[in-house]
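Trainee: Got a predicted model here, sequence first, then my questions.
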Amino acid sequence: MRIAMIGTGYVGLVSGACFADFGHDVICVDKDEKKIAALHRGEIPIYEPGLDELVATNVKAKRLDFTTDLSKPVADADAVFIAVGTPSRRGDGHADLSYVYAAAKEIAQSLSGFTVVVTKSTVPVGTGDEVERIIRETNPKADVVVASNPEFLREGAAIRDFKYPDRIVVGTSDERGRKVMGDIYRPLSLNQAPLMFTARRTAEMIKYAANAFLATKITFINEIADLSEKVGANVQEVARGIGLDNRIGTKFLHAGPGFGGSCFPKDTKALIKIAQDYDVSLRIVESVLAVNENRKRAMARKVSQALGGSLRGKTIAVLGLTFKPDTDDMRDAPSIPLVTGLIDMGANVKAFDPVGMEQARGELPSITYCEDAYSCAQGA
């Protein structure tokens with residue numbers, strides 16, 4: 001199959017490289033000329049274990065290429081995936097869909113022959129309807145099906161998640177669209193990956209509901225951790241004790257400084273806003289977001305309490321800065337409010353992260369960065 005991937009961010013680049021590894025011909029498109037030039041040089045703009053090798057292998061095999069020109073890849077494609085950013089919109093927390101809609105309009109102008117246009121980006125329910133309206137308004141003659149195919153990739157394990165998925169959700173009621181999407185994912189049939197077809201709006205809802213539920217598990221165990229501290233219980237054993245129940249499961253039950261990253265904070269905010277637009281109150285999700293924000297800042301107070309109630313003049317070592325291991329992503333990382341809280345209390349902060357130091361310097365410029373964990377811990 002011939003695939004055009006619009007966007008070379010985290011989702012677009014990983015998805016494009018994996019599709020190419022399935023044997024499809026993939027062209028990744030991005031307006032950022034510097035990023036495309038870097039990719040042509042073999043430089044990967046994000047850290048993801050195994051991605052550099054996967055990209056290099058498929059570029060060498062001529063199954064994967066990069067360009068800034070959208071028109072020819074879209075005209076030649078059997079399927080066009082929209083994998084552009086949907087950040088939280090300033091002021092109201094809604095998902096900013098301007099990049100998605102701009103991509104849809106540009107895609108429409110280049111469509112040729114039957115094409116499936118697929119939203120891979122995380123988008124609010126009903127976005128596919130608007131994408132289809134924009135395409136049909138821009139190019140009334142287009143023979144197109146608009147589908148939803150949300151991603152469920154964990155940063156740090158994205159390639160394995162793509163190749164060995166728990167499920168593949170495809171939102172389309174069109175038989176031609178189902179056939180194309182089935183052909184694209186057919187290589188995964190050897191792994192018996194369940195391909196789940198739904199209505200388009202249902203697929204869009206599944207993505208938000210999944211992320212909100214996982215965020216709820218994280219926040220739940222963090223609140224149980226607070227209570228465990230007060231009553232003298234071991235929260236790690238509590239988490240294991242409840243996680244061994246198959247109805248609950250062990251994943252996402254690790255007490256810590258709260259969730260961050262590119263998905264959970266953004267998607268929980270967007271889901272709350274979607275609900276408000278439909279006059280529905282998601283009280284659990286609203287509480288999850290509020291508790292998570294409070295916990296991030298509270299971690300600095302826990303450090304202060306552990307050191308006698310004052311951090312003035314003390315040196316604190318922070319090991320790990322990105323929002324999770326095996327990524328260089330600093331978006332909404334819990335380390336940011338933790339470190340700023342420590343500094344506000346008068347502490348001198350030293351830090352080390354295996355892969356995220358360069359990105360962290362932009363967010364936390366006033367701390368001391370160390371070469372390894374040992375030099376970071378020295379004198380702390």
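Mentor: All right, it came through fine. Numbering: from 1, shown residues only.

Trainee: Next one: the closest residue to Ile367 other than its chain neighbours from Ala373, what distance?
Mentor: Spatial nearest neighbour of Ile367, chain neighbours left out: Val349 (4.3 Å); criterion: C-beta to C-beta, 6 or more residues apart in numbering. In short, each C-beta sits where N, CA and C put it, glycine included. As judged by C-beta to C-beta, to the nearest Å, Val349 and Ala373 stand 15 Å apart.

Trainee: quick one: which of those two has more around it?
Mentor: The neighbour comparison of Val349 against Ala373 (other C-beta atoms under 10 Å) goes to Val349, with 23 against 14.

Trainee: what's downstream of the helix or strand where the more buried one lies, the next helix or strand?
Mentor: Applying DSSP states H and E as the criterion places Val349 in strand 348-352. Heading C-terminal from strand 348-352, the first helix or strand you meet, by DSSP H and E, is helix 357-363.

Trainee: in the helix or strand harbouring Ile134, what's buried?
Mentor: Take DSSP H and E as the rule and Ile134 turns out to sit in helix 127-138. Under the neighbour-count criterion of 16 or more other C-beta atoms under 10 Å, helix 127-138 has 127-128, 130-132, 134-135 buried.

Trainee: Quick one: residues contacting Ser110.
Mentor: By C-beta atoms under 8 Å, 6 or more residues apart in numbering, the contact list for Ser110 reads 70-72, 74-75.

Trainee: if you look at these, which of them are in helices?
Mentor: Counting by DSSP state H, the part of the contacts of Ser110 found in helices is 71-72, 74-75.

Trainee: which of the residues you listed has the most neighbours?
Mentor: Val74 (23 neighbours).

Trainee: Report the spatially closest residue to it, excluding sequence-adjacent ones.
Mentor: Ser110 (4.0 Å).

Trainee: so which strand or helix has the one you found?
Mentor: Going by DSSP H and E, Ser110 is not part of any helix or strand.

Trainee: And the pLDDT for it?
Mentor: The model reports Ser110 with a pLDDT of 97.

Trainee: And it, how far from Ala147?
Mentor: 18 Å.

Trainee: now swap in Ala298 and tell me
Mentor: Distance from Ala298 to Ala147, by C-beta to C-beta: 43 Å.

Trainee: between the two, who's got more neighbours?
Mentor: Legend: neighbour count by other C-beta under 10 Å for Ala298 and Ala147, higher for Ala147 (26 against 17).

Trainee: Just give the number of residues close to the nearest residue to the more buried one once chain neighbours are set aside.
Mentor: Distances taken as C-beta to C-beta, 6+ apart put Thr172 closest to Ala147, at 3.8 Å, once the chain neighbours are dropped. By other C-beta under 10 Å, 23 other residues sit near Thr172.

Trainee: Go ahead and confirm Thr172 touches Glu132.
Mentor: No. The pair Thr172 and Glu132 does not pass the contact test of C-beta atoms under 8 Å, sitting 10.7 Å apart.

Trainee: Kindly point out which residues are neighbours of both of these two.
Mentor: Val146.

Trainee: Flag every buried residue along the top helix by length along the chain.
Mentor: Scanning the chain for the helix with the most residues, using DSSP H, yields helix 200-231. Using 16+ other C-beta under 10 Å as the test for burial, helix 200-231 gives 200-201, 203-208, 210-212, 214-222, 224-225, 228.
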